[in-house]
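> just need the structure, nothing else, for what follows:
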Amino acid sequence: MGKRYGIKIIKPNTKDSIVLTNKVSNTLKKKYIFQSSVDFEKLVVRLRMAHELKLFNDKRMAYIITLEDEIEKMLGGWYKWAKARTS
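Numbering: from 1, shown residues only. So this is what the prediction gives:
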């Protein structure tokens, strides 16, 4: 993929921030998980914009929404776990 219409479709920061979060100590994870969530939300916004620009079809968007929901649940659970560890 790459750039098209000024929208970066693949957002490496999301993947990079999750990898980094796995490497930090448990006492720091809450902050890093929050940043991973922010990066993921930025990616979701870009994907929705790309869909609106017809860069991919409705079937692909439905699949993306399914993945989005699952990833949000995972990040939310991970954040709750980290919050319990640091409280």
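
> biggest helix in this protein by residues?
helix 58-86 (DSSP state H).

> buried stuff in it?
61, 64, 68, 71, 75, 78-79, 82 (16 or more other CB atoms under 10 Å). The C-beta positions use only the backbone N, C-alpha and C, and glycine is treated the same way.

> so the residue nearest the centre of the chain is in which element?
Residue closest to the mean C-alpha point of the chain, counted by CA atoms, centre = their mean, is residue 40 at 2.0 Å. Residue 40 is part of helix 29-52, with elements assigned from DSSP states H and E.

> related to what we said a few turns ago, pLDDT score assigned to the residue nearest to the centre of the chain?
Looking at residue 40, its pLDDT is 91.

> export the helix holding residue 40 as CSV, just CAs?
Extracted in CSV, the C-alpha atoms of helix 29-52 (Å, rounded to 0.1, in the frame of the first residue of the first chain):
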residue,chain,number,x,y,z
LYS,A,29,2.7,-0.7,30.7
LYS,A,30,-0.5,1.4,31.5
LYS,A,31,1.0,4.5,29.9
TYR,A,32,2.3,2.5,26.8
ILE,A,33,-1.0,0.7,26.4
PHE,A,34,-2.8,4.0,26.4
GLN,A,35,-0.5,5.3,23.7
SER,A,36,-1.0,2.1,21.7
SER,A,37,-4.8,2.7,21.9
VAL,A,38,-4.3,6.3,20.7
ASP,A,39,-2.2,5.1,17.7
PHE,A,40,-4.8,2.4,16.9
GLU,A,41,-7.6,5.0,17.0
LYS,A,42,-5.6,7.2,14.5
LEU,A,43,-5.3,4.1,12.3
VAL,A,44,-9.1,3.5,12.5
VAL,A,45,-9.8,7.1,11.5
ARG,A,46,-7.5,6.8,8.5
LEU,A,47,-9.2,3.5,7.4
ARG,A,48,-12.6,5.1,7.7
MET,A,49,-11.5,8.0,5.6
ALA,A,50,-10.0,5.7,3.0
HIS,A,51,-13.3,3.8,2.8
GLU,A,52,-15.2,7.1,2.3
